[in-house]
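[1] What shape does this take:
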Amino acid sequence: MRKIILLIPVLSLLFGCVRPSDMQEKSLHEVVPATWSSAASSRNQSSESNRTFWVEEFTDPDLIKAIRKAWISNPSLLAMAERVLASGEDAIIAGASLYPNARADLSGSRSKRNLIGFNFPNGETSFTTNSFNAGINLSWELDLWGKLRDRRNSAKIRFKGTQAEYLAARLSLAGQIAKAWFEIIESEGQLRISRNTNFTYSQNQSYIQDRYEKGLASALDNDLASTTLSSAKANLARRNRAHLLSIRKLQLLLGAYPDGLMDRNDSMALPFLDSASISSSPTETLSKRHDLKAATLEVQASGIDLGVSQKSLLPSLSIAGGPGSRSGEFENLLEQRFRIWDLTGAMSQPIFQAGRLRAQIRKTKALQGNAIKNFKAAALQAFLEVENSLSGEQLIKEEEVQLEKATKAAESAAKISWDRYQRGVEGIFNTLEAQRRAFEAESRLLSVRKERILNRINLYLALGMNALPEKP
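    Here you go, the predicted structure:
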């Protein structure tokens, strides 16, 4: 026992200095490049953005209200908030093991003993006794190697990790709300284009049918006009269905019943975006993104868990006892002469556990490796999201510029073609095709403007940029 006691400071020094994160600093950052590789980033990185919250770029107060409403009413986000609270309680529970446990006990018993073979004068062969005990029982496991402290620290780190996961989910929800918001605006624009298409084709069909009935147009012209009008009506029905799906999607994110009914009195157009101003580097993105913070914290916690499992091989020391009273009569428990106390010390050393402790060490080591690989995967995914969004910035912008030109040219061509048809110098097929191209170009331009907005939102999310201030 004396040798064990002398070994305690030495073992405590050896195992107390375990730093699971030492061997992982290089591993955590070996996937981080110095700069973004996308061509767009080389032009944008030099300009500094003055915007702190990306939702403000769209200057839409109703969108801000929708995001704040979702933050307090979305059931999935609220469920994650409860998980954060539970994780905080886990940290308190783990930290409680560092302190002594105390409980007040009160017990009573009555027992009977048989006296077989004894010849007492009064002829009694049994007797009964009463026993009452009251006291305070204390127990305390001494944290010789810092194992209990490490468990508490691991729980604290995981609590911070769940907080980071909640913030990541909160930011993701803001992005989903913004995307759904602009998808609704785009679908409203597509509905307007479809209605205009139906109106134009309906006028065409009426005009051509009247000419056909007068013998001035062929049956082919009349059938082509009717076919074009029916196709436009079918497209309008499809646009209406897509619009309802977009509304229901937003309602679900807001925590409301998805009835497809939404009062939008304002007829907003999609906002026009300036060029993105990106100044953050991949290293800064690692520190800003909440999901990567959570992955990093999990690596730290798993490293501490490995140290805890290794320290389970060492002996443990605990003490127990406390003051109390014991008597055969209940009313005597409060008297001084029946007071007692006891104190017990115990030291235990694992000898044979059928490989359980060694298996636990191997398990926590594997979980530590799993956490490191998960961090690398999450970091690479984050970098992929940024690179895709950065490259998409220029490509979508170029697509938008070309579609603007195509839309103007197609609209002009449609007007000229219809005028030529009315003068009898061009066939109806070319005229309807020119009108179709004009409406299609306008629809594609609207879609690409929405895609550019969604790409910008994805860029801000990938960079870990905050959506809105904590308080309005």
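[2] what's the average pLDDT for stretch 108-122?
    Mean per-residue pLDDT for stretch 108-122: 72.
[3] Stretch 296-315 too?
    94.
[4] Restricting to C-alpha, output it in PDB.
    Only the C-alpha atoms of stretch 296-315 are listed here, as PDB (Å, rounded to 0.1, in the frame of the first residue of the first chain):
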ATOM      1  CA  THR A 296     -13.500  20.600 -34.400                       C
ATOM      2  CA  LEU A 297     -15.000  20.500 -30.900                       C
ATOM      3  CA  GLU A 298     -15.900  16.900 -31.400                       C
ATOM      4  CA  VAL A 299     -12.300  16.100 -32.300                       C
ATOM      5  CA  GLN A 300     -11.200  17.700 -29.000                       C
ATOM      6  CA  ALA A 301     -13.800  15.900 -27.000                       C
ATOM      7  CA  SER A 302     -12.900  12.500 -28.500                       C
ATOM      8  CA  GLY A 303      -9.300  13.100 -27.700                       C
ATOM      9  CA  ILE A 304     -10.200  13.800 -24.000                       C
ATOM     10  CA  ASP A 305     -12.400  10.600 -24.000                       C
ATOM     11  CA  LEU A 306      -9.300   8.600 -25.100                       C
ATOM     12  CA  GLY A 307      -7.400   9.900 -22.100                       C
ATOM     13  CA  VAL A 308     -10.300   9.000 -19.800                       C
ATOM     14  CA  SER A 309     -10.300   5.400 -21.100                       C
ATOM     15  CA  GLN A 310      -6.600   5.100 -20.600                       C
ATOM     16  CA  LYS A 311      -6.800   6.400 -17.100                       C
ATOM     17  CA  SER A 312      -9.400   3.700 -16.300                       C
ATOM     18  CA  LEU A 313      -6.500   1.300 -16.100                       C
ATOM     19  CA  LEU A 314      -5.200   3.100 -13.000                       C
ATOM     20  CA  PRO A 315      -6.400   2.500  -9.400                       C
END
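[5] What are the buried residues along it?
    When neighbours are counted by 16 or more other Cβ atoms under 10 Å, the buried residues of stretch 296-315 are found to be 296-314. All C-beta atoms are positioned from the backbone trio N, CA, C, and that covers glycine.
[6] same check, this time on stretch 136-144
    Along stretch 136-144, the positions that meet the burial threshold by neighbour count (16+ other Cβ under 10 Å) are 140, 141, 143, 144.
[7] The third one against residue 98, yeah?
    Translated: residue 143. Yes - if you go by Cβ atoms under 8 Å, residue 143 and residue 98 touch, sitting 6.0 Å apart.
[8] Now do the shared contacts for the two.
    Contact with both residue 143 and residue 98 is made by residues residue 149, according to Cβ atoms under 8 Å, 6 or more residues apart in numbering.
[9] And the helices in the stretch 251-400 of the chain?
    Counting by DSSP state H, counting those that start in this stretch, the stretch 251-400 of the chain has helices at residues 282-288, 290-311, 356-422.
[10] Could you list every helix and strand in contact with the shortest one?
    On a contact count with 3 or more Cβ pairs under 8 Å, 6 or more residues apart in numbering; DSSP states H and E, helix 282-288 meets helix 290-311, helix 356-422, helix 428-463.
[11] which parts of that helix are buried?
    Buried residues in helix 282-288, counting neighbours by 16+ other Cβ under 10 Å, are found at 282, 285, 286.
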